[in-house]
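> Okay, structure incoming, though there's no sequence with it:
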């Protein structure tokens, strides 16, 4: 049986105009500006404006993706929401909300998935699999919005490694029987040892939301044991990045030596350089560092793709590796043969 080729037909991004500058972040955190810029790798980061809600930003990126390929929402067979669960309202199905914002097209149906910052690559894997196995699914719209910048309390020193969290929207259209920008192997790793290391303390069944919880600032991301997390995670995380990249390449019939562009997420500058060099990539010639927009969660891979194309770092025939890592903890990588 012939396996259907699946390619990236189109994509779109949305970046809010609002910014928190390194000066602003330094004042909020008490961390010197030069450390914010040099160590944390932040000159500024995107933050949402008054109408930049999570799904709304995903919708803006989706319209851009559709326009790029001269498509309408009715041309889509399936919508997968691969964005954050911190969105317009709790307990909504955000894929269906996106369907509404796209004009409520009657052809596609919609659902949500979630793996924190790994969600978009998981979505690409699911979309590719459904196109290859389900009759009637030929085009999938994968969309994400992210504004976890709202969940950062600059005064909390325990969560300082997450001060780069920002806001944006991205979208991608995957098409069956399409060899252009072909999506090859996608790999993921998760490790439950880190499941309770980062979370918002209040708002769930363990600690319901209350006036007291708000007063105690328990509505922001927190790290109960930051030193313990650092000791356990640092080296393991770097090794997991390399492992998942190598696995995705192996599934695709390639090796590290074949990488032309590495779409890395935003992380502290030393970690970014370490991962790039560990797989034989020049961190600034074959990757993009987001010192002006910060870390946009699961959106980083598509943002890096857009930046890489605009900067001439990605060319026809290149092997492009998309990466992600999310709290919980998970690591992801996917390979695209460009052009």
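Arrived safely. What you are looking at is a predicted structure, and each value in this text was computed from that prediction instead of being measured.
> Residue 227 and residue 17: what is the separation?
Distance, residue 227 to residue 17, by CB to CB, to the nearest Å: 37 Å. Quick note: C-beta positions are derived from backbone N, CA and C, even for glycine.
> err, residue 246, not the other one
Relative to residue 17, residue 246 is positioned 39 Å away (criterion: CB to CB).
> These two: which is more packed in?
residue 246 (17 against 9; other CB atoms under 10 Å).
> In three-state terms, label that one for me.
Assigned with DSSP: H, G, I helix; E, B strand; the rest coil, residue 246 falls in the helix class.
> nearest residue to it other than its sequence neighbours?
Closest residue to residue 246 apart from its sequence neighbours, by CB to CB, 6 or more residues apart in numbering: residue 256 at 6.5 Å.
> tell me the phi and psi of the one you found?
Dihedral pair for residue 256: phi -60, psi -30, per degrees, to the nearest 10.
> per-residue confidence at it?
Residue 256 carries a pLDDT score of 98 in this model.
> Near it, how many other residues are there?
16.
> low-scoring stretches of this structure, by residue?
For the chain, applying pLDDT under 70 flags the ranges 1.
> mind listing the helices in it by residue range?
Along the chain, the stretches classed as helices by DSSP state H are 22-29, 33-38, 54-68, 94-101, 119-133, 211-215, 226-252, 269-278, 300-310.
> Can you work out which other helices and strands pack against the last one?
Where contact means 3 or more CB pairs under 8 Å, 6 or more residues apart in numbering; DSSP states H and E, helix 300-310 is packed against strand 6-14, helix 119-133, strand 168-176, strand 261-263, strand 319-326.
> Other residues contacting that helix?
Here helix 300-310 makes contact (CB atoms under 8 Å, 6 or more residues apart in numbering) with 11, 13, 15, 117, 120-121, 144, 168, 170-172, 261, 263-266, 287-288, 290, 293, 296, 313-314, 320, 322-324, 334.
> show me what contacts residue 220?
Neighbour list for residue 220: 151-153, 156, 159, 200 [criterion: CB under 8 Å, 6+ apart].
> cool, residue 7 as well?
Residues in contact with residue 7 (CB under 8 Å, 6+ apart) are 174-175, 178-183.
> export those residues to JSON lines and tack on distance to residue 26 and neighbour count?
Output for the contacts of residue 7, formatted as JSON lines (distance: CB to CB, whole Å; neighbours: other CB atoms under 10 Å):
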{"residue": "174", "distance to residue 26": "41", "neighbour count": "28"}
{"residue": "175", "distance to residue 26": "45", "neighbour count": "25"}
{"residue": "178", "distance to residue 26": "47", "neighbour count": "19"}
{"residue": "179", "distance to residue 26": "48", "neighbour count": "11"}
{"residue": "180", "distance to residue 26": "45", "neighbour count": "13"}
{"residue": "181", "distance to residue 26": "40", "neighbour count": "21"}
{"residue": "182", "distance to residue 26": "44", "neighbour count": "17"}
{"residue": "183", "distance to residue 26": "41", "neighbour count": "24"}
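> Quick check: the farthest pair among those residues?
The span of the contacts of residue 7, defined through CB to CB, is set by 174 and 179 at 12.7 Å.
> in stretch 132-143, what's buried?
Using 16 or more other CB atoms under 10 Å as the test for burial, stretch 132-143 gives 137-143.
> Then stretch 119-131?
Of all the residues in stretch 119-131, those buried under the rule 16+ other CB under 10 Å are 119-128, 130-131.
> Touching it from outside, list them.
Outside stretch 119-131, the residues within contact range by CB under 8 Å, 6+ apart are 4, 6, 78, 80, 82-83, 113, 115, 137-138, 140, 142, 144, 170, 172, 174-176, 183, 186, 188, 297-299, 301-302, 322-324, 326, 332-334.
> what sits against the residue most central in space within the chain?
Nearest to the geometric centre of the chain sits residue 298, at 1.2 Å (CA atoms, centre = their mean). With contact set as CB under 8 Å, 6+ apart, residue 298 has these partners: 82-84, 115-121, 144, 146, 324, 326.
> What of residue 266?
With contact taken as CB under 8 Å, 6+ apart, residue 266 is in contact with 41, 164, 272, 289-290, 293-296, 300.
> Could you find the closest non-adjacent residue to it?
residue 295 (3.8 Å).
> and the one you found, what is it in contact with?
For residue 295, the contacting residues are 45, 162, 164-166, 265-267, by CB under 8 Å, 6+ apart.
> Residue 152 - how many residues pack around it?
For residue 152, the neighbour count with other CB under 10 Å is 23.
> Could you find the closest non-adjacent residue to it?
Spatial nearest neighbour of residue 152, excluding adjacent residues (CB to CB, 6+ apart): residue 165 at 5.4 Å.
> dump the residue contacts of the one you found.
For residue 165, the contact set (CB under 8 Å, 6+ apart) comprises 45, 148-149, 151-152, 221, 294-295, 297.
> at 6 Å what do you get?
Taking CB atoms under 6 Å, 6 or more residues apart in numbering, we find residue 165 in contact with 148-149, 152, 295.
> That one pairs with what?
Residue 165 has these beta-bridge partners by DSSP bridges: residue 295.
> how far away is it from residue 149?
Separation of residue 165 from residue 149 (CB to CB) stands at 5 Å.
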